[in-house]
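Colleague: With the input below, show me the fold.
(one chain, ligands or ions: 1)
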Amino acid sequence: MPINWNRPQPAPQAVWRVVNANFPSTGFGGIYSPRNIRGRSTPSLHAEGRALDIMLKAADPAQKIIADGLFRIFTDLAHQIGLEEVIWNKQVWSQRHLGVHPYTGADPHTGHMHIGFTRDGSQKTSFALLELRVAVLRTGVDELRKASGGLA
Ligand SMILES: [Zn+2]
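Modeller: Below you'll find the model as predicted:
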């Protein structure tokens, strides 16, 4: 069966479930959306349903701790997960330019994290190592919250 690219692909859906199960305070920002990258004439990976937006605010200290931790996990595991690009808080990791670089696009991504999958990666449904790393992050954030009397 040919893949239908006009719908949300399996990997971003599965990754959203992992993130939201561990961090219910995160918001779903969408997967499939037939549109271009903001400020450009190139289609977004959302146009093929192979990107996930997670709503998190860099200006909110509690959310920034979670988002920075997730960004680290996604960039560490990018090749295993099958990612093409990860954008968060004026930083980007991409397959084309390895490593984390300043992001200079029109949207600074301070209100959401963008996780884009390769076409192959977008069809994956099991993410054991990601699940483990996200659960470890949740435990760490919980401990931090307890240690700071609920402030973090
Ligand atoms: Zn996005």
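Colleague: Where does pLDDT dip in this protein?
Modeller: 150-152 (pLDDT under 70).
Colleague: tell me which residues form a beta bridge with the residue nearest to the spatial centre of it?
Modeller: Computing the C-alpha centroid of the chain and ranking residues by Cα atoms, centre = their mean puts Ile115 first, at 3.6 Å. When bridges are called by DSSP bridges, Ile115 pairs up with Leu52, Val86.
Colleague: Touching, it and Val15? I think so.
Modeller: Yes. Under the criterion of Cβ atoms under 8 Å, Ile115 is in contact with Val15, at a separation of 6.6 Å. C-beta coordinates here come from the backbone N, C-alpha and C atoms, glycine included.
Colleague: what residues do these two have in common as contacts?
Modeller: Leu52 (Cβ atoms under 8 Å, 6 or more residues apart in numbering).
Colleague: So out of everything in this protein, what residue is nearest the ion?
Modeller: His114 (3.4 Å; Cβ to the ion).
Colleague: tell me the contacts of that residue?
Modeller: 51-53, 85-88.
Colleague: Quickly find the element holding Asp68.
Modeller: For Asp68, the host element (DSSP states H and E) is helix 61-76.
Colleague: thinking again about what came up before, mind listing what the residue nearest to the centre of the chain touches?
Modeller: By Cβ under 8 Å, 6+ apart, the neighbours of Ile115 are 12, 15, 51-54, 74, 83, 85-86.
Colleague: so which of the residues you listed are also by the ion?
Modeller: For the ion, the contacts drawn from these by Cβ under 5 Å from the ion are 51, 53.
Colleague: Dump the contacts of Ile115 to TSV, plus distance to Ala147 and neighbour count.
Modeller: Formatted as TSV, the contacts of Ile115 follow (distance: Cβ to Cβ, whole Å; neighbours: other Cβ atoms under 10 Å):
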residue	distance to Ala147	neighbour count
Pro12	33	24
Val15	29	24
Ala51	35	28
Leu52	31	27
Asp53	31	23
Ile54	25	23
Phe74	26	23
Leu83	32	24
Glu85	34	20
Val86	29	24
